[in-house]
Each structure stands twice: as structure tokens, then as C-alpha cells.
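In: here are the coordinates; sequence isn't available:
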């Protein structure tokens, strides 16, 4: 399953988005300019703008506000990626050095602030209250998710609900917003906007779970970084939950997590054990359950070209390996 | 010169602002809650909300949007303070440990993000396009100013124009906005809004210059941190410019700035020398010139109670020592 057909269909609009992102990231300071443009060149799937474009097909997709929404959403996502890199102590993203690794934490922080500020500028052009409210709520929740992420590191006693809330805030709500804004900015009713919001939410939950699964099962080449990085950084994700609570691996995992100076080989063997115990299958099942919910919502929407494309995206997320 | 009369006059509104700030900073996570509330309890002059309240007297100061503007402006200011502390490597602000010193850089970064997100939520309630545009431009410039601040550290070759642009972005524009929003949110014309914007801009320039002067002449007790901190951190401010370019202290200053391991006594003596060479008087003169421009604008506004109060604020800034 690939998204080639959809990317081809949206090619000219995605190209426009790319060039608008480039303009938005142009800054008067070379240091900032370089950091932002590096991020742009590192690419990414642009899944959020794509969702916006597709959902806009339920209304009038040619509206200028659709394009603005798409660019703004990707800017918010990029800003949060840059701040995340400060947290993660990760030096690679998509196989390239992160802004933080190349510069330092402070430049990364302010680059994120700048990109976020550019997003805010775009928001100020909208004159729809519902859009403003939705965006600002998601931005707040995104910032709560950022805090969750560091607060909950190494807390192996957290329950699954805590994990679900964290990925909702960190990932799913922005995808939900990407879908909702596509609808609202193209002139759809609030009702259609809300349906697409929930579609994006369920899709986003599954998207993040898949990310978390890939972190265990992906090769270093696919991930652009070594496997098991989440756990190594103390980030307890879905497969680890199942391993901890369903497969009795509590002692084995804790002995590594609580070890002040664990050996590389200890990490490698615990990551292998989580991968092989059945936790991955359980995680995939939960992820698929969210995808089913997303698809159920599509059934209630008018059956048109966009609906087919959104279904393809859902199918892709269920099978993606990068 | 103190602002006692004005604070007394605005007491009940300032108290409301304080309690709204407290609600805005309440977060579901204890770590975040504590960091934000510590910041709130550390106090501050609330000069931005005060400017908003006073400028709103040119229109209808009882409007709800006036209060919202005031709270939002202080939140933006607080968010930028928290991110600044990450940059400054400063461990004290207003005599209390900074968020960063108590927790760490990452918590400080995300606390700033959260406070900023709360400000954005308030912005989404405004339905005036002019307000949205103004706010978003200032937010962008503020983020550019943050980058300026680190980019220009230790660059002793920068000219005065670079310094002026930096303090404009970092301080003056937010004060300009505080005044303009007071006018617009209370229903004044764009013209009055723009006059007050320029008043706030000139006032803000002088405010920051005074801050930079105080960093050299203040006592540790007044500053809440040791004197000369700006220069020690590589931040070249107004008095240092005069010392470098007018008082031939280039070699003396550079020998300390470029020394990889300068002694405490080297710092102390260069800070004394800058204080005593005449650079402080020159700085005060420039600061006063900006204040005069601010006051000239007041002369063109309707002469009413608010005009007198704003003049008092300008006079206070010219003489303040904390």
C-alpha cells in the first residue's frame, strides 16, 4: 500500500505548499534561516497538509484559506518537532542530524519559536471563530503533550490511559485539526467538520501507535535512527505496555530501565524480547481498532472521490513501514 | 517618582488581572503548574497590562476585550521571560531562582510553550482583524529578537543599529502593542491606536535602555542578581557601546571578553571602568531622547486623565532604579 496515487493527484498543490513553507521559513538571520531550511529539506510525508487538501474536497478545495490552513498545520508540526528534538536528546531525525545536534538547544528552542510564530501569523488571516477556537485548543493540548512526554519518561508504572492521552495530545489532535480545517476552510458545515475531526483523531491515534511499533520493528535504515530509541530514552510506548503488563516482562524491563549505567547489549536484548513476545501483535491490533473507527466515520460521509482517498490513507497507515 | 498613584487607581483591575493570570496558568500537570505559578508569585511590575488599562481610557475601558488583552500581553511577556532564562544561563530573576534553575532547560522550554499557548487561546476570542495582525507581527518579531540575542552575543563589532533593532524586537514592540491594544480593544480609532503604538514603542526603547543601564549601576539587592551580568554573559548593551566606541575602552573590554577563562576581578574592574567612564551618562541621554519622543506623542492626544497617567509612567521610567 502506498500513497503514490494520492500524492500524484495532489502534486501541484503539494508543490505550492512546499514553496509557501519555504517562504514562511525565510528569516532575516542566517543562523535561523539555515536551521529552518534544513528542516524543510529533510522533507517528511506532509501527511497533515495532505489530509487538509483531501478533506477540503468535501467543500470548495480551491479556496485560499485551504492552502493557508495546510501550510499553517505543517508549520505547527515542524515547530513541535524542533522542540521535541531538544527533549529527546535525539541527534537524528529522518536520518539527518537534528537542528539541535547541529546547533544547540537554545537555537533549536528559538527556531521552534520562530516557526511557531510564522504559523500564528497565518492563523491571524482567518475570520472564522470556529477555526480560531479549534486551532488554539489544539495548540494548548500540544503543549500539554510536550510536558506529558518529559514528565512521564521512565515512569514505568503509568497505565495505558496515560499513554493514550499523551499520544492524543502529541499527535492525534493535530491530525484531527488538519482534517477539520480542510472541511471548514473549504466551506463545509460544522457537522462535516466534526466528522472529519473524529476521522483525523482516530487516524492520528493509529498513526502514532504505528510509529511506536516501528520504533521496535524497523531497521535502522527505515527509521533513520537505531531501533528501540523510545525505550532507550525512557519513553514507555504501546509495545512496552503490553510487554510489561501482559507478558510478565516487568522485572526484565525494569532491571534495564532502573540500571544507572546499562550496557548496550542489555538494551539490545530487552528490545529484542519486547519485539518477540507478542506485544507487537497486540499493539497492531489496538492500532487497527482505531483505524476501523476512522473508517466507520468515512462510511457516514458522502461517498465521493475524497472518501476513497481518505480510506486509502487509512489503509496505508495500517501497513506503512516508514 | 513612583507609580503608586496609578497602581492605586487601577488596583481592582490589576487584581482581576492577577487572578485571571493565575487561572490561565493552571495546568493539569503538577510540574507545569508549579513552574508557572512560581513565575506568577515572583511578581513583576505588570507594566504591560498597566499600559493597556491606561490606554483603554481613551475608549471604553470597561470592555471585556480590554481585560483579555491585558492578560494576554502579560502571558506573552512571561512566556518570553521563561525562554530567555534558558538562553541567559541566568539562575536568578527578580531575586528568585528562575524556572530553569529550579527544574531544567526542557521544563523551562515547555513551560514557555504552555504559557504562550494560553496567550494564543485568549487571542482567538478577538474578532478584530487589526488586533490579530498586530499581535501576530509582534510575536514574530519577538521570536526574531530572541534569536538576535543569542546570535549577537560576544559580537563586540556589532554597531549601535544592531543593538537598537534587538531591543526593539525584544522589548519595545510588545510595549507598543500593549498600548495599541488598550486603544483598539476599548473601541478607539485606528489612528489613536497607532499614536499609542508609537508612544509605547518609544517608551519601550527607553525602558530597555534603562534596564541595560541599571545592569551596570544597580546594586545586587536592587537587581536581584550581581551587577554587570549582561556583559558577563556576552550581551553587549548600550553602556558598553559607548565605552567601546566613544571612550576608547576597546582593548580593555576585549581582553576580558575574549579571554577564555577571565578572573572574577577582571570582570569587576572592567564593569567599574564602564560605569565610570561617562558611558552611563551618554546612555541616559539617549534613553531620555526616546522618552521625549514618547511625550511628544502624548501632547497630540486628547488631554485627559489617561494622558497624565501615561506621562507619569514616562517620567517614572526616566528615573526608575529597579
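Out: All right, it came through fine. Computed from a prediction, not measured in an experiment: that's the story for all the values here.

In: now check the host helix or strand of residue A:178, is it near chain B?
Out: Assigned by DSSP states H and E, residue A:178 falls within helix A:173-185. No - if you take C-beta under 8 Å from any C-beta of the partner chain as the test, helix A:173-185 misses chain B, and the best it gets is 12.4 Å. (Glycine included, C-beta is placed from N, CA and C.)

In: next, the angle from the next helix-or-strand element following that helix to helix A:173-185.
Out: The C-terminal neighbour of helix A:173-185 among helices and strands, as given by DSSP H and E, is helix A:190-217. Interaxial angle of helix A:190-217 relative to helix A:173-185 (axes from the mean of the first three to the mean of the last three C-alpha atoms, to 10 degrees): 150 degrees.

In: so which bits of helix A:190-217 are buried?
Out: A:192-217 (16 or more other C-beta atoms under 10 Å in any protein chain shown).

In: which other helices and strands contact the helix holding residue A:178?
Out: Counting by 3 or more C-beta pairs under 8 Å, 6 or more residues apart in numbering or on different chains; DSSP states H and E, the packing neighbours recorded for helix A:173-185 are helix A:47-55, helix A:64-88, helix A:129-151, helix A:190-217.

In: from residue A:108, how far off is residue A:26?
Out: 19 Å (C-beta to C-beta, to the nearest Å).

In: give me the more crowded residue out of these two.
Out: residue A:108 (24 against 11; other C-beta atoms under 10 Å in any protein chain shown).

In: quick check: mean pLDDT of the helix or strand hosting the more buried one?
Out: Element membership of residue A:108 [criterion: DSSP H and E] is helix A:105-123. The average pLDDT within helix A:105-123 is 89.

In: so is that helix next to chain B?
Out: Yes - with C-beta under 8 Å from any C-beta as the criterion, chain B is reached by helix A:105-123 at A:105-107, A:109-111, A:113-114, A:116-118, A:120-121, A:123.

In: buried subset of these as a ChimeraX selection?
Out: What follows is the ChimeraX syntax for the buried subset of those, where burial is set by 16+ other C-beta under 10 Å:
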select /A:105,106,107,109,110,111,113,114,116,117,118,120,121,123
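
In: in TSV: the residues of helix A:105-123 next to chain B, plus distance to residue A:252.
Out: Listed next are these as TSV, based on distance: C-beta to C-beta, whole Å:
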residue	distance to residue A:252
A:105	33
A:106	39
A:107	39
A:109	37
A:110	41
A:111	40
A:113	41
A:114	44
A:116	41
A:117	46
A:118	46
A:120	46
A:121	50
A:123	47
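
In: for residue A:68, which non-adjacent residue is closest in space?
Out: residue A:122 (5.3 Å; C-beta to C-beta, 6 or more residues apart in numbering or on different chains).

In: could you do residue A:119 as well?
Out: Nearest one to residue A:119, counting by C-beta to C-beta, 6+ apart, is residue A:75 at 3.9 Å.

In: count the residues that sit near that neighbour.
Out: Applying other C-beta under 10 Å, I find that residue A:75 has 26 neighbouring residues.

In: can you tell me how far residue A:196 is from residue B:265?
Out: 67 Å.

In: if we can go back for a sec, need the max-distance pair from the residues of helix A:105-123 next to chain B.
Out: A:105 and A:123 (26.8 Å; C-beta to C-beta).

In: give the contact list for residue A:66.
Out: By C-beta atoms under 8 Å, 6 or more residues apart in numbering or on different chains, the residues touching residue A:66 are A:52, A:53, A:56, A:182, A:185, A:186.

In: from those, pick the one nearest chain B.
Out: residue A:185 (15.5 Å; C-beta to the nearest C-beta).

In: return the residues in contact with the closest one.
Out: By C-beta under 8 Å, 6+ apart, the neighbours of residue A:185 are A:52, A:56, A:59, A:63, A:65, A:66, A:68, A:69, A:126, A:128, A:131.

In: excluding its backbone neighbours, what's nearest it?
Out: residue A:65 (4.0 Å).

In: residue A:284 now?
Out: Closest to residue A:284 by C-beta to C-beta, 6+ apart is residue A:213, at 6.4 Å.

In: how about residue A:125?
Out: residue A:68 (6.1 Å).

In: now swap in residue A:2 and tell me
Out: For residue A:2, the spatially nearest residue (C-beta to C-beta, 6+ apart) is residue A:316, at 6.8 Å.

In: correct me, but the one you found touches residue A:3?
Out: Yes - in this structure, residue A:316 is within contact of residue A:3 by C-beta atoms under 8 Å, at 5.3 Å.

In: just to revisit the earlier point, just the buried residues of the contacts of residue A:185.
Out: Buried among the contacts of residue A:185 by 16+ other C-beta under 10 Å: A:52, A:56, A:59, A:65, A:66, A:68, A:69, A:126, A:131.

In: now, which of those sits nearest residue A:282?
Out: Using C-beta to C-beta, these come closest to residue A:282 at residue A:52, 32.3 Å.

In: can you give me the end-to-end span of stretch A:144-159?
Out: 18 Å (C-alpha to C-alpha, to the nearest Å).

In: for that stretch, which positions count as buried?
Out: A:144, A:145, A:146, A:147, A:148, A:149, A:150, A:151, A:152, A:158.

In: per-residue pLDDT, residue A:87?
Out: 56.

In: nope, residue A:93 is what I meant
Out: Per the predicted model, pLDDT is 62 at residue A:93.

In: also the one 5 residues further on?
Out: At residue A:98, the pLDDT value in this model is 66.

In: distance from stretch A:117-127 to the middle of the chain?
Out: Averaging C-alpha positions (C-alpha atoms, centre = their mean, to the nearest Å) puts stretch A:117-127 21 Å from its chain's average.

In: residues in contact with that stretch?
Out: A:24-25, A:65, A:68-69, A:71-72, A:75-76, A:79, A:132, A:135, A:185, B:120, B:127, B:129, B:132-133, B:135-137, B:139-140, B:142-143.

In: please apply the same query to stretch A:153-165.
Out: By C-beta under 8 Å, 6+ apart, stretch A:153-165 touches A:148, A:152, A:205, A:233-238, A:240-241, A:244-245, A:250, A:253-254, A:257.

In: endpoint to endpoint, that stretch covers what distance?
Out: Start-to-end, stretch A:153-165 (C-alpha to C-alpha) is 14 Å.

In: same check, this time on stretch A:222-239
Out: OK, stretch A:222-239 end separation, C-alpha to C-alpha: 18 Å.

In: per-residue confidence for residue A:322?
Out: Residue A:322 is given a pLDDT of 66.

In: for the residue in the stretch 151-300 of chain A that chain B sits nearest to, give me the pLDDT.
Out: Residue nearest to chain B within the stretch 151-300 of chain A (C-beta to the nearest C-beta): residue A:151, separated by 5.4 Å. For residue A:151, the pLDDT comes out at 79.

In: quick one: it and residue B:31 touch, right?
Out: Yes - counting by C-beta under 8 Å, residue B:31 is a contact partner of residue A:151 at 5.4 Å.

In: so where's the stretch 201-322 of chain A shaky on pLDDT?
Out: For the stretch 201-322 of chain A, the stretches flagged by pLDDT under 70 are A:322.

In: rerun that using 80 as the cut-off
Out: A:220-226, A:260, A:320-322 (pLDDT under 80).

In: where in the stretch 51-200 of chain A is pLDDT low?
Out: A:85-106, A:127, A:150-151, A:153-154.

In: go again using 90 as the cut-off
Out: Filtered on pLDDT under 90, the stretch 51-200 of chain A yields the residue ranges A:81-111, A:123-133, A:146-159.
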